[in-house]
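# this one's structure only:
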């Protein structure tokens, strides 16, 4: 999207992220596109900026802000975000699976409406992208986690979503020597090629609430074995549930 505006408009472009991990990952991917390779690097750097924190924009030049995971960015301080972006020369495009907390008549949905933002959906029915939970099991102990992971890791890649304490326990387990924690430094391409076996087993990754529950894509070759998503933590709200369960199966 940023390349389209760069090529077909004279506007300045700001790509806004929730954290530096997502910023660095997206920036690296952008630089691989052909349009970037062919562009005037000085002009590109002048017109396109990557930011984690949005401050007051000065000048009269048209500016397009593309906010990734926009609800996380906006609802940190919605009034402040609106103050910074309300000028007539500033246009905001927000990208997210959860524009608000899922309550149609709730405070977040009403705030978005009153501040003049419009919500566009990629499908008519949100349930069309609602993930299917195939199995519910008791994973109350680390031992049960390990057993379930080992059951699945020989069939397909495994992604585990759990809280930091549980991830720490799994990382130390002798039967899961190849398990890896997803961090801001995890190579982007590794998470998009999970269908490649490492020896007899497929790769196993785990993500905790610090990073990897939203904004990170996990992919397996199509056709391929698919990915087993093991959710080992209660979700704090509907937004966290939707974001986490959409990490795979898209």
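That came through fine. What you are looking at is a predicted structure, and each value in this text was computed from that prediction instead of being measured. Numbers count the residues shown, from 1 in each chain.

# so what's the most centrally placed residue in the chain up against?
Closest residue to the average C-alpha location of the chain: residue 215 at 0.5 Å, with CA atoms, centre = their mean. Listed by CB atoms under 8 Å, 6 or more residues apart in numbering, the contact set of residue 215 reads 17-18, 22, 68-69. Yep, even glycine has a C-beta here, placed from its N, CA and C like the rest.

# could I get the residues you listed in JSON lines, plus columns for distance to residue 140, secondary structure and pLDDT?
Formatted as JSON lines, the contacts of residue 215 follow (distance: CB to CB, whole Å; DSSP: H, G, I helix; E, B strand; the rest coil; pLDDT from 0 to 100):
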{"residue": "17", "distance to residue 140": "35", "secondary structure": "coil", "pLDDT": "93"}
{"residue": "18", "distance to residue 140": "31", "secondary structure": "coil", "pLDDT": "90"}
{"residue": "22", "distance to residue 140": "32", "secondary structure": "helix", "pLDDT": "88"}
{"residue": "68", "distance to residue 140": "35", "secondary structure": "strand", "pLDDT": "93"}
{"residue": "69", "distance to residue 140": "31", "secondary structure": "coil", "pLDDT": "92"}
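
# just send those back as a markdown table, with distance to residue 46 too.
Rendered in a markdown table, the data for the contacts of residue 215 read as follows (distance: CB to CB, whole Å):
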| residue | distance to residue 46 |
| --- | --- |
| 17 | 20 |
| 18 | 25 |
| 22 | 23 |
| 68 | 21 |
| 69 | 26 |
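
# which is the next helix or strand following the helix or strand of the chain with the lowest mean pLDDT?
Least confident helix or strand, the chain: helix 34-38 with a mean of 61, by mean pLDDT, DSSP states H and E. Note on helix 34-38: by DSSP states H and E, the next helix or strand toward the C-terminus is helix 41-47.
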